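> how would this look folded up:
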Amino acid sequence: MCPISSSRLLDELEQCRYRFGRAEGAGVSKLLKRAGAASFRDVPSLIRFHEVLMVLRAFPPSVRALRQSEKLLNTFWRRVEQLRTAGADMDEFDPLEVSGIAGTTMQDTLGFDLMRWLVRRMPGKVEIAWDDYDDERAMGAGWPRVIPLLEEDSLVEATIPWRRWLDAAQGSHSQSPAWLVKRFEELNVSDAEKARLYDALHMPVRWDLENSRISRTRNWSAVRRPFIHQGPLLARKDVSLARELAQRPPELQRLSRKQGEAVMDLIREVMLVRYRELYGTTLGDAGSVRRTDIGKGVSIFLWNLRPNRRLPLRAYVAGLTLKNGVPVNYIEAIGLFDWIEVGFNTFYTFRGGEVAWIFAQVLRCLCRFTGAKCVSMYPYQLGQNNDEAIDSGAFWFYRKLGFRPGRRDLLRLAEREETKIARNPRYKTPARTLRRLADGHAFYELPGAEPGAWDRFSTRNIGLRVNARMAKEFGGDPKRLRRAAAEALAVGLGVRVPKEDSLEHADFCNFAMVLSLVSELKSWTAAEKRGVVEIIRAKSGRDEMRYLRLLQGHDKLRAAMLRLGTER
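Numbering: from 1, shown residues only. Here you go, the predicted model:
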C-alpha cells in the first residue's frame, strides 16, 4: 500500500474512532481489516495506528471491532521491529504521550520501591544505562554501603573504575542492577530510609518491552461482557456534577489481598510505561483496595498507603480507572477531616472519551470512600506550571462543572472572563489569564459543607508554624522538639508515649508537635481527649479511612487544625 493510501486509511480510522452505531461498527471493522494488511513505513504513522487501536479497544463500536483491535495489538511489536530493522529513528517512540509501545525500549531513573518491583517483574531484562550514568559523587556516597573497601578507592583516587568494582562484588559482568537493589533492600534501616539512600544514586536503567504485557499496547484485561457503544459519547455539557453526586453512593467492594496485589502490579505497570511515578501508585496497600463497576464498562479502583509509608497528617488515596479493561486514567486524593485535594489525569490517548462523566464517577467514589464534603483541585491540574493544561483550557473544564476559585481575586477574574464569553461566544481566554486563574485551588462543596472553610488552608502552613517554634524555642533541634512535645501531650491526654520503635510513636510525635500549638487542648473534655488518642492510634492502623472518619467526628480538633493551617 502506498504512503498516500496509508495516510488516508489512518485519517478514516481516526474520524471513526468515536462514532457509534451498527453501520459505524461495520465500517470500522472493514477499515481495521484493511489496516491489518497495510504497512506503515514511518514511526509517526505507526504511532497514529497504535493510538486508534487503543481507543477502539476501550470504546468499541462492536464486539468484532474490539476483537480485531485486540488481535492487532497483540502482534503490534512486529511492526515496530520491522521499522527498527529498516533503520527508523526509534527515538520518536520516546515522548511521554506515546511511550510504552510494545517492541520499544524504555529508559528512566526509578525510585527504589518501583525499581525493586521492576527487577522482580522483569528478571534479567533490566540493565544499568552506563552510557548515560556518570554521577561519581552519587556512587561514591552510596555504593560503599554495599561494596566492601570501596572507600579506599573512592575517597582519595581521581579515577575510579566503578563498573569493575560492581562486577567484582556481584561476581559477573552483568549490566543488571538487581544485585545493587537487593543489597540496599538488606540494609538495616527503615524502608523509607532505604528508598532515600537508593534514590540518591540517580541511577538510570533501561529495559526492552518486547511483546510484554507490561507494555501499554497489551496492558489491558479481557472482559467477559464488554460495553459496546451504540450512541454518541457524553460531552462535558451533558454532565451535571451536582446531579451525579446526588445519586445513591456507589458500593465499594473490598478486594482480597491477592486481588489487591494484582491491582498494585497493574498500576505500577500502567505508570511505569508512561514515565510516571506517583507516591500512592508505587506504595499502595494491597489490603486496602476497593473496586466498583460504575456502568458503561467503567471500573474504578481506590486504595490507601501502607501503614509504614503514610503521610504525617493527611490521609492518602490513589486510584485507577479501567474502561472495558483498558487503563484510561489515574487518581490521587489527599484528605484531612471533610476536605480532599484531588488530582485526576486522563491519559493522552483517551482525552476524547467521556472524560467529564468519568471524572464525576471518580468524585462519587472518592466522596463515598473518604466522607469528604469539600473537594479541591490542585493548581497544577488547572495549569500552574503545566502548559498542557493551559493549552487545553483545563480551568474551564472544572469551572463549567461547578468548581470555583478559592481566592476572591481569582473568582472575580473568572467572573469577568465569563462575562466576556457570554457577550462573544467566539472569545477565548488568553493563556496569560489562564495562568493567573491556575494560581490557586478550585473548590466544589457538597451539601452539608461549611462554605469557604478550606479556601485558604494548607498543611504546609501547619508545618511551617511547627518549624518556627522549633527554631525559636528549641534552637532548631528536631529531637528536642519531638521529645518535649510528646511528653507534654502524653501528660495532657493522660497516656504514655508509645515505644520509640513503633509506628504509633512517630504518629504520636507528629500530632504532639502540632497540638503543642493548641493552647486550648487542656480545656477539652475527657471524651474529646480520648478521641484524639483514638485518632492517633488509627493513623497507623489497618484502615486509613477509619482515621479520616474519626477526624471528621472531632469538631474541636478540626477547628484547631483549620486555624493553624489557614493563611493569614
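> So for Glu332, what's the nearest residue that isn't a sequence neighbour?
In this structure, Glu332 finds its nearest non-sequential neighbour in Gly343, 3.8 Å apart by CB to CB, 6 or more residues apart in numbering. For the C-beta atoms, the positions are set from N, CA and C on the backbone; glycine is no exception.
> Just to be sure, the one you found is in a strand?
Yes. Checked against DSSP: H, G, I helix; E, B strand; the rest coil, Gly343 lies within a strand.
> Tell me the pLDDT of it.
pLDDT, Gly343: 94.
> ok, it touching Ala333?
Yes. Gly343 is in contact with Ala333 according to CB atoms under 8 Å; the separation is 7.4 Å.
> Which one's more surrounded, these two?
Remark: of Gly343 and Ala333, Ala333 carries more neighbours, 27 against 16, as counted by other CB atoms under 10 Å.
> list the contacts for the nearest residue to Gly476 once chain neighbours are set aside?
Nearest residue to Gly476 in three dimensions, chain neighbours excluded: Met470, at 6.1 Å (CB to CB, 6+ apart). By CB atoms under 8 Å, 6 or more residues apart in numbering, Met470 lies in contact with 476-478, 481.
> what about the nearest residue to Ala315 once chain neighbours are set aside, distance to Leu515?
Of all residues not flanking Ala315 in the chain, Leu548 sits nearest, at 4.3 Å (CB to CB, 6+ apart). Leu548 sits 18 Å away from Leu515, going by CB to CB, to the nearest Å.
> host element of Phe301?
Per DSSP states H and E, Phe301 falls inside strand 298-303.
> and if you look at Glu332?
Assigned by DSSP H and E, Glu332 falls within strand 326-336.
> Next: Arg435.
Element membership for Arg435 (DSSP H and E) is helix 431-437.
> If we go by neighbour counts, what in that helix is buried?
Neighbour-count burial for helix 431-437, counted by 16 or more other CB atoms under 10 Å, picks out 433-437.
> who's more crowded, Leu548 and Leu515?
A count of neighbours by other CB under 10 Å puts Leu548 above the other of Leu548 and Leu515, at 26 against 21.
> The residue nearest to Ala360 when sequence neighbours are not counted: what's it in contact with?
Excluding the flanking residues, the one nearest Ala360 by CB to CB, 6+ apart is Glu244, at 3.9 Å. Residues near Glu244 by CB under 8 Å, 6+ apart: 357, 360-361, 363-364.
> In helices, which of those fall?
Mapping the contacts of Glu244 onto helices (DSSP state H) picks out 357, 360-361, 363-364.
> neighbours around Ser256, how many?
Ser256: 11 surrounding residues under other CB under 10 Å.
> What of the one 10 residues further on?
Applying other CB under 10 Å, we find 20 residues neighbouring Leu266.
> Could you report the distance from it to Arg290?
Distance, Leu266 to Arg290, using CB to CB: 15 Å.
> try Val355
The gap separating Val355 from Arg290 is 22 Å, by CB to CB.
> just to revisit the earlier point, which helix or which strand is home to the residue nearest to Ala315?
helix 544-552.
> quick one: buried residues of that helix?
Neighbour-count burial for helix 544-552 flags 544-548, 550-552 (criterion: 16+ other CB under 10 Å).
> what ranges do the strands span in the stretch 1-150 of the chain?
105-109, 126-128 (DSSP state E, counting those that start in this stretch).
> export those strands to a markdown table and tack on mean pLDDT, distance to Val80 and mean neighbour count?
As requested, the strands of the stretch 1-150 of the chain are exported to a markdown table (pLDDT from 0 to 100; distance: least, CB to CB, whole Å; neighbours: other CB atoms under 10 Å):
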| stretch | mean pLDDT | distance to Val80 | mean neighbour count |
| --- | --- | --- | --- |
| strand 105-109 | 96 | 10 | 17 |
| strand 126-128 | 95 | 19 | 19 |
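> For Tyr133, give me its contacts.
By CB under 8 Å, 6+ apart, the neighbours of Tyr133 are 203-204.
> Quickly note the distance from the most centrally placed residue in the chain to Pro44.
What sits nearest the mean C-alpha location of the chain, by CA atoms, centre = their mean, is Leu278, with 4.4 Å. As judged by CB to CB, Leu278 and Pro44 stand 29 Å apart.
> What's the mean pLDDT across the helix or strand harbouring Gly260?
Here Gly260 sits within helix 257-272, counting by DSSP H and E. Average pLDDT, helix 257-272: 97.
> Return the set of buried residues in that helix.
In terms of neighbour count (16+ other CB under 10 Å), helix 257-272 has its buried residues at 260, 263-264, 266-272.
> and the residues you listed as JSON lines, adding distance to Gly111?
Putting these into JSON lines (distance: CB to CB, whole Å) gives the following:
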{"residue": "Gly260", "distance to Gly111": "21"}
{"residue": "Val263", "distance to Gly111": "19"}
{"residue": "Met264", "distance to Gly111": "15"}
{"residue": "Leu266", "distance to Gly111": "18"}
{"residue": "Ile267", "distance to Gly111": "14"}
{"residue": "Arg268", "distance to Gly111": "11"}
{"residue": "Glu269", "distance to Gly111": "15"}
{"residue": "Val270", "distance to Gly111": "16"}
{"residue": "Met271", "distance to Gly111": "11"}
{"residue": "Leu272", "distance to Gly111": "11"}
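> Where do the helices of the stretch 1-150 of the chain begin and end?
With helices called from DSSP state H, counting those that start in this stretch, the stretch 1-150 of the chain shows them at 3-16, 22-37, 43-58, 63-74, 76-85, 112-121, 136-142, 150-154.
> Quickly compare those helices and say which is most buried.
Sort the helices of the stretch 1-150 of the chain by mean neighbour count, taking mean count of other CB atoms under 10 Å, and helix 43-58 sits at the top with a mean of 22.
> Report all helices and strands that that helix contacts.
In terms of contacts (3 or more CB pairs under 8 Å, 6 or more residues apart in numbering; DSSP states H and E), helix 43-58 is packed against helix 3-16, helix 22-37, helix 63-74, helix 76-85, strand 326-336.
> I'd like to know which of these lies nearest to Asp238.
Comparing these against Asp238 with CB to CB, the closest turns out to be strand 326-336 (18.2 Å).
> Can you tell me the strand partners of the closest one and which way each runs?
Taking DSSP bridges as the criterion, strand 326-336 forms sheet pairs with strand 315-323 (antiparallel), strand 339-346 (antiparallel).
> okay, the shortest one in PDB with CA atoms only?
This file holds the C-alpha atoms of strand 339-346, laid out as PDB (Å, rounded to 0.1, in the frame of the first residue of the first chain):
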ATOM      1  CA  TRP A 339     -11.700  18.100  52.700                       C
ATOM      2  CA  ILE A 340      -9.800  16.300  49.900                       C
ATOM      3  CA  GLU A 341      -7.400  17.700  47.300                       C
ATOM      4  CA  VAL A 342      -7.800  15.800  44.100                       C
ATOM      5  CA  GLY A 343      -5.500  15.000  41.100                       C
ATOM      6  CA  PHE A 344      -7.200  13.500  38.000                       C
ATOM      7  CA  ASN A 345      -5.200  12.600  35.000                       C
ATOM      8  CA  THR A 346      -6.700  11.100  31.800                       C
END
